[in-house]
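Novice: Provided below for reference: sequence and predicted model.
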Amino acid sequence: MTNIKMLMLVGILSTLVTSSYQALAASQSVLPLKQRAQIIDDVTAKRINQLLPKLMKETNIDMWLLISREYNEDPVLKTFLPATWISARRTTMFVFVRQGDNVKALAIAPYNVGQVFDRAWDKKAQPNQWQALVDLMKQYDPKSIGINQSKVWGHADGLVATEKERLMLELPSRYQQRLVSAEALAVKWLEERIPEEVDLLKDMTSIAHQIIAEGFSRKVIEPGKTTTDDVVWWFREKVLDLKLATWFHPSVSIQRSDNIKFDHEDAFTNGTGSQVIQKGDLLHVDFGISYLRLNTDTQQHAYVLKDGEKSAPKYLTDALKKGNQLQDIFTSNFVSGVTGNLVLSLSRKQAITQGLKPTIYTHPLGYHGHAAGTTLGMWDSQGGVEGSGDYPLHLNTAYSIELNNAVTIKEWDKEIRIMLEEDAMFDKTGVWYFNGRQEELLLIE
């Protein structure tokens with residue numbers, strides 16, 4: 001066997017060992033379903049007992065009312081359901097009453113609702129569920145009653161028209177006059193993370209990174225044969241194998257030395273199609289998992305080595321560094337109380353001054369992949385986003401730091417996009433990544 005063949009064999013074996021380790025690490029990190037359920041219920045209880053009283057006080061709401069029918073759940077109500085409840089049952093009403101520095105959680109529902117909620121409806125004594133709600137209001141006599149209605153965030157607009165109509169029909173006029181939008185409370189509830197959730201997001205992001213590293217390896221990709229669509233469906237199958245879920249269909253795209261212009265806007269709207277992966281390609285993936293009621297969202301790049309190459313070309317590694325530079329500029333402008341639109345404007349100006357060509361479209365992350373909170377640009381709205389972009393940043397919130405920087409590659413005689421997305425936390429220390437960020441291209445031998 002020649003030295004060259006020996007080196008090639010060692011390289012292939014090394015890649016297989018690495019990808020096998022990544023697969024094992026990811027599978028060992030995923031918890032059994034029963035253990036997940038306990039974690040979900042424990043976190044929900046801590047959030048209700050430790051976080052919700054503060055939020056209700058900040059938003060000056062005495063009673064928070066959530067109403068949903070089965071399979072048509074308010075997005076916020078779903079975050080309160082016990083882990084063993086896949087949906088609401090019949091008509092489910094959750095009522096949160098502020099009592100000093102505490103909150104009482106009550107359920108007006110036909111069944112017991114986990115361990116956190118006190119059952120507040122005896123159907124035998126009071127057959128009318130709506131009257132039971134009115135009786136509860138009379139008991140606590142709240143001065144402000146929050147309902148989930150919002151023009152800006154769909155997450156906070158969960159009270160459907162028919163339930164609102166029925167509510168107004170059943171409530172005495174004095175309580176109708178006390179109804180207020182719970183938009184601020186709902187958004188705060190959805191966006192703020194407690195320490196236990198931060199630890200979960202660290203683990204989740206690590207799992208997502210391990211899956212991407214395995215997907216962008218020779219275990220999955222054979223240059224000249226494997227298509228981008230093959231890799232996309234490998235990601236879907238891998239997630240199912242790990243007993244996880246995706247909250248969006250992954251995408252894999254190629255940029256290469258050819259005369260085809262890469263249009264990132266067209267990729268967003270029409271997809272990237274299926275292409276055969278070749279040596280010398282720059283690959284990109286957009287991938288996210290759902291786990292323990294939280295979500296990840298990651299975009300990374302890989303380079304397919306040409307014969308004889310041991311590393312990616314310098315012009316591509318330099319392009320990645322400029323993407324990291326844009327990340328640094330952007331996250332350095334995160335300041336509590338500053339709006340997303342202002343952070344976007346400042347960051348774009350600084351990046352352009354430093355010779356970059358930025359597009360920024362960062363979003364909150366949590367119970368939803370595109371979560372409630374501060375929006376910092378959209379790919380088709382670089383001048384700011386009305387409504388959610390006017391919302392200020394708050395501490396203890398998580399974000400997908402999503403952006404791209406355009407770079408002209410002379411060797412390819414074209415412009416490419418370095419499209420990055422990494423999950424991060426914003427707290428009193430600033431912005432930090434849950435599991436680091438991509439600073440080197442993944443290599444496929």
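Specialist: Done, it's in.

Novice: going by C-alpha atoms from here, please, whenever you check contacts or count neighbours.
Specialist: Fine.

Novice: how are the helices of this structure distributed by residue range?
Specialist: Using DSSP state H, the helices of the chain run over 3-29, 33-46, 52-58, 75-78, 129-140, 161-170, 173-176, 183-191, 195-215, 228-241, 264-270, 314-331, 340-353.

Novice: buried deepest among those, which one?
Specialist: For these, the largest average neighbour count (mean count of other C-alpha atoms under 10 Å) is found in helix 183-191, namely a mean of 23.

Novice: contacts for it?
Specialist: 52, 55-56, 59, 76, 147-150, 153, 155-157, 364-367, 371-373, 397-398 (C-alpha atoms under 8 Å, 6 or more residues apart in numbering).

Novice: repeat that for stretch 126-138.
Specialist: With contact meaning C-alpha under 8 Å, 6+ apart, stretch 126-138 is reached by 108-109, 120-121, 123, 167, 170-172.

Novice: domain ranges for this structure?
Specialist: Residue ranges for the domains of the chain, per automatic domain parsing: 3-28+204-444, 33-190.

Novice: mean pLDDT lowest for which of these?
Specialist: By mean pLDDT, the lowest-scoring of the domains of the chain turns out to be domain 3-28+204-444, with a mean of 92.

Novice: can you select the buried ones among the contacts of helix 183-191 for me in PyMOL?
Specialist: Remark: buried members of the contacts of helix 183-191, expressed as a PyMOL selection using 16 or more other C-alpha atoms under 10 Å:
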select buried, resi 52+55+56+76+147+148+149+150+153+155+156+157+364+365+366+367+371+372+373+397+398
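
Novice: out of the contacts of helix 183-191, which are inside strands?
Specialist: Residues of the contacts of helix 183-191 located in strands (DSSP state E): 147, 364, 397-398.

Novice: which one of these is nearest Ser68?
Specialist: Ile147 (11.7 Å; C-alpha to C-alpha).

Novice: which residues does Ser29 contact?
Specialist: 203, 207.

Novice: one more: Met204?
Specialist: Counted by C-alpha under 8 Å, 6+ apart, Met204 has contacts 289, 291, 295-296.

Novice: just flag the most distant two among these.
Specialist: Between all members of those, the farthest pair (by C-alpha to C-alpha) comes out as Tyr291 and Thr296, at 8.6 Å.

Novice: so the two - more neighbours on which side?
Specialist: Comparing Tyr291 with Thr296 by other C-alpha atoms under 10 Å, the one with more neighbours is Thr296, at 30 against 21.

Novice: check the gap between the more buried one and Leu342 for me.
Specialist: 25 Å (C-alpha to C-alpha, to the nearest Å).

Novice: wait, Asn333 touches Asn341, no?
Specialist: No - counting by C-alpha atoms under 8 Å, Asn333 stays clear of Asn341, with 11.3 Å between them.

Novice: centre-most residue in this structure?
Specialist: The centroid of the chain falls nearest to Gly369 when counting by C-alpha atoms, centre = their mean (2.8 Å).

Novice: could you give the bridge partners of Leu376?
Specialist: Per DSSP bridges, the residues bridged to Leu376 are Thr362.

Novice: that one: neighbour count?
Specialist: Neighbourhood size, Leu376 [other C-alpha under 10 Å]: 30.

Novice: ok so, going back, and the domains of the chain as JSON lines, adding distance to Glu197?
Specialist: Conversion of the domains of the chain to JSON lines gives the following (distance: least, C-alpha to C-alpha, whole Å):
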{"stretch": "domain 3-28+204-444", "distance to Glu197": "8"}
{"stretch": "domain 33-190", "distance to Glu197": "7"}
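
Novice: so which of these gets nearest Glu196?
Specialist: Per C-alpha to C-alpha, nearest to Glu196 of those: domain 33-190, 7.0 Å.

Novice: mind checking the end-to-end distance for that closest one?
Specialist: Termini of domain 33-190 sit 23 Å apart (C-alpha to C-alpha).

Novice: does His155 really touch Ala372, like I thought?
Specialist: Yes - using C-alpha under 8 Å, His155 is in contact with Ala372, at 6.4 Å.

Novice: for Gln149, which non-adjacent residue is closest in space?
Specialist: Spatial nearest neighbour of Gln149, chain neighbours left out: Asp157 (4.1 Å); criterion: C-alpha to C-alpha, 6 or more residues apart in numbering.

Novice: from Gly340, how far out is the one you found?
Specialist: To Gly340, Asp157 is 21 Å away according to C-alpha to C-alpha.

Novice: tell me, how many residues neighbour Asp193?
Specialist: One correction, residue 193 is Arg, not Asp. Count around Arg193 with other C-alpha under 10 Å applied: 23.

Novice: let me fix that: Thr227
Specialist: Other residues near Thr227 come to 19 when the count uses other C-alpha under 10 Å.
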